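Chemist: coords please:
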Amino acid sequence: MALVTGASSGIGQGIAIRMAQEGAHMVVNYYSDEEGAQDTQKAIAQAGGKCLLVKADVSKEAEVEAMFAQAKKEFGTVDILVNNAGIQEDADFLEITLEQWEKVINTNLTGPFLCARAAAREFVKRGVKKKTSTAAGKIIFISSVHDIIPWGGRVNYTTSKGGVMMMMKTLAQELAPQKIRVNSISPGAIKTDINKDEWKTKEGREQMLSQIPYGRIGEPDDIAKVAVWLASDEADYVTGATLYVDGGMTLYPSFAAE
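Modeler: You can find the predicted model right below:
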């Protein structure tokens, strides 16, 4: 069974649907977009999968614990966690408020911490289910290329993603002896609602493409396919890794030879 946070749209929705298509029972977490979560549930049902919708604010400890309790009650255990929920609250550094800082840090960094802790406790308690997987559990963080690329006007977002990278590596190191694999996927420019204003316009699309050597903007399923692989036993020897799925954005295309 796989639990995906922030699965009512975009990358999280794509991952939840793709994992269901591969045979996983799904817990779809959402915070405010119930209609989007229901769309995810419908797509999972069309794929022949089972799905539980759970509304929860991942930055709240009590709500995270309740979400995992619901998941275990419905499906017996949790095998895979995809920490996808994330937000942006952009502001110039000289103008950013403490509220804007805390809002992003709480969702993007504290939320993944709380969910990873709840998942890891379940994995350790249950141990390896050899009929299911060679690992006791898998945790996948959905980060961003901005865990290594600075981005002016978004210090809260980039700090949260940089923190996710070190959280992932530390957890991977600490939990490996318990046969728990922990990895990250760092997407580049992906067509989601968060950047629709850019890729929907000719100017915005051209600006995005200028930063992508491979010449196309990514789709949520580009990330979903990688997440499915990381969660599978085909990736059993992969832990503590960040996979950049970005069409080459982290290759610094502005430095390419003319």
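Chemist: now the strands: where do they sit in the protein?
Modeler: For the chain, the strands identified by DSSP state E occupy 2-4, 26-30, 51-55, 80-83, 137-142, 180-187, 242-245, in order along the chain.
Chemist: would you turn these into TSV with distance to Glu203 and mean neighbour count?
Modeler: The C-beta positions use only the backbone N, C-alpha and C, and glycine is treated the same way. Listed next are the strands of the chain as TSV, based on distance: least, Cβ to Cβ, whole Å; neighbours: other Cβ atoms under 10 Å:
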stretch	distance to Glu203	mean neighbour count
strand 2-4	33	29
strand 26-30	32	27
strand 51-55	37	19
strand 80-83	33	28
strand 137-142	28	26
strand 180-187	22	25
strand 242-245	25	18
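Chemist: Of all the ones you listed, which one is nearest Ala118?
Modeler: Among the strands of the chain, strand 80-83 comes nearest to Ala118, with 8.2 Å by Cβ to Cβ.
Chemist: Describe which strands that closest one pairs with in its sheet and in which direction.
Modeler: According to DSSP bridges, strand 80-83 forms sheet pairs with strand 2-4 (parallel), strand 137-142 (parallel).
Chemist: how about Met165, what does it touch?
Modeler: With contacts defined as Cβ atoms under 8 Å, 6 or more residues apart in numbering, Met165 is in contact with Ser143, Asp147, Ile148, Ser184, Thr242.
Chemist: Please render the strands of the chain as a markdown table that adds distance to Glu74 and mean pLDDT to the earlier fields.
Modeler: Shown next, in a markdown table, are these (distance: least, Cβ to Cβ, whole Å; pLDDT from 0 to 100):
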| stretch | distance to Glu74 | mean pLDDT |
| --- | --- | --- |
| strand 2-4 | 11 | 98 |
| strand 26-30 | 7 | 98 |
| strand 51-55 | 5 | 98 |
| strand 80-83 | 15 | 98 |
| strand 137-142 | 17 | 98 |
| strand 180-187 | 22 | 98 |
| strand 242-245 | 30 | 98 |
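Chemist: and the gap between Ala118 and Leu52?
Modeler: Ala118 sits 15 Å away from Leu52, going by Cβ to Cβ, to the nearest Å.
Chemist: leaving aside the residues next to it on the chain, what's closest to Pro112?
Modeler: On the basis of Cβ to Cβ, 6 or more residues apart in numbering, the spatially nearest residue to Pro112 that is not a chain neighbour turns out to be Asn83, at 4.0 Å.
Chemist: First-to-last residue distance for stretch 139-156?
Modeler: Distance between the two ends of stretch 139-156: 23 Å, counting by Cα to Cα, to the nearest Å.
Chemist: Now do the buried residues in it.
Modeler: Of all the residues in stretch 139-156, those buried under the rule 16 or more other Cβ atoms under 10 Å are 139-147, 149, 154-156.
Chemist: I'd like the distance between Gly68 and Gly23.
Modeler: Rather than Gly, residue 68 is Phe. Distance from Phe68 to Gly23, counting by Cβ to Cβ: 21 Å.
Chemist: What is the burial count for the residue nearest to Ser8 when sequence neighbours are not counted?
Modeler: Taking Cβ to Cβ, 6+ apart as the measure, Ser8 lies nearest to Gly36, with 3.4 Å between them; neighbours along the chain are not counted. Taking other Cβ atoms under 10 Å as the criterion, the count of residues near Gly36 is 19.
Chemist: I'd assumed Gly12 was in contact with Gly36.
Modeler: No. Contact between Gly36 and Gly12 fails when scored by Cβ atoms under 8 Å: they sit 9.5 Å apart.
Chemist: Tabulate the strands of the chain (TSV), appending distance to Gly127.
Modeler: Formatted as TSV, the strands of the chain follow (distance: least, Cβ to Cβ, whole Å):
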stretch	distance to Gly127
strand 2-4	18
strand 26-30	21
strand 51-55	23
strand 80-83	15
strand 137-142	9
strand 180-187	10
strand 242-245	27
